[in-house]
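# Sharing a model prediction with you, sequence too.
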Amino acid sequence: KAQQQAPTGKTFKELALEFYEHRVGSWSAANAEQVLRCFELDVFPSIGDKLAADLSTVELLQVVRKVEARGSIDKAVKVRQRIHAVYLYGFDTGQVTSNPTPSSSALKIKPKSQHFNALTPNDLPEFLSDLAAYRSEVLRRAIKFTMLTLARSGSVRLAEWSEIDWAAKRWNVPAEHMKL
């Protein structure tokens, strides 16, 4: 009688977490959190328990397609990139013999983004009136702060009280919060 052998190798989740631990020291805290959250929410539920070496391109594409189906095209690109990075790590460390990650050409093309026109001086009074009537005080104050500092919205969202020098009346924006 032939004995059935237990499957060998790591699950995708095990390999991804090993990759994460290997790379986390080179990432910012925010990026490390995004990568782990991406795996936990978008990848592990579908393929986390499957052996990494046994996954096919079609199975990996299905993971990406689920994200695309939510309308998150940018996120789908990130999911594919992160799966690809896990397989590159697995290949380089001899844990998988191939990289079945679908190519980027298999992804949906992101529709062109629609940008809003800049406010003109004539538009400003109406905008400020509409802003004053807006229900979210936090958002009202954040927009006013952005307008007064001319900062990028991402810098304002990531701002912490410790960055404000009240005595000097200055906001010291950390370099990692700036788009360089």
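That came through fine. Residues are numbered from 1 along each chain as shown.
# only C-alpha atoms for contact and neighbour calcs from this point on.
Noted.
# Now do the spatially most central residue of the chain, the pLDDT please.
Taking CA atoms, centre = their mean, the centroid of the chain lies closest to residue 34, which sits 5.0 Å from it. Note on residue 34: pLDDT of 94.
# Next: residue 104.
87.
# before we move on, back to that, residues of the helix or strand hosting the residue nearest to the centre of the chain that come out buried?
Residue 34 belongs to helix 29-38 when assigned by DSSP states H and E. Residues 32, 35, 36, 38 are the ones in helix 29-38 that count as buried (16 or more other CA atoms under 10 Å).
# what about the first one, distance to residue 72?
Pointing back at residue 32 there. 20 Å (CA to CA, to the nearest Å).
# Over to the third one?
Residue 36 sits at a distance of 17 Å from residue 72 (criterion: CA to CA).
# Same question for residue 26.
From residue 26 to residue 72 the distance is 26 Å (CA to CA).
# for residue 172, same thing?
33 Å.
# contact partners of the helix or strand of the chain with the lowest mean pLDDT?
Least confident helix or strand of the chain, by mean pLDDT, DSSP states H and E, is helix 153-157 with a mean of 88. Applying CA atoms under 8 Å, 6 or more residues apart in numbering, the contact partners of helix 153-157 are 142, 145, 146, 173, 177, 178.
# out of the residues you listed, which are inside helices?
Counting by DSSP state H, those place 142, 145, 146 in helices.
# Any regions of the protein where pLDDT drops low?
1-8, 110-112, 180 (pLDDT under 70).
# Show me which helix runs longest in it.
The longest helix of the chain (DSSP H) is helix 73-92.
# Show the subsequent helix or strand relative to it.
Next element after helix 73-92 (DSSP H and E): helix 124-133.
# Could I have the CA atoms of that following helix written out in CSV?
Presented in CSV, the C-alpha positions along helix 124-133 are these (Å, rounded to 0.1, in the frame of the first residue of the first chain):
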residue,chain,number,x,y,z
LEU,A,124,-14.0,81.5,-2.3
PRO,A,125,-16.9,83.2,-0.4
GLU,A,126,-19.4,80.6,-1.5
PHE,A,127,-17.0,77.8,-0.7
LEU,A,128,-16.3,79.2,2.8
SER,A,129,-20.0,79.6,3.4
ASP,A,130,-20.6,76.0,2.4
LEU,A,131,-17.7,74.8,4.5
ALA,A,132,-19.1,76.6,7.6
ALA,A,133,-22.4,74.8,7.1
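# Please spell out which residues along it are buried.
Result for helix 124-133 [16+ other CA under 10 Å]: buried residues residue 131.
# Just the residues contacting that helix, thanks.
Against helix 124-133 from outside (CA under 8 Å, 6+ apart): residue 140.
# other SSEs contacting the helix or strand containing residue 139?
Counting by DSSP H and E, the element that carries residue 139 is helix 137-149. Counting contacts by 3 or more CA pairs under 8 Å, 6 or more residues apart in numbering; DSSP states H and E, helix 137-149 is packed against helix 153-157.
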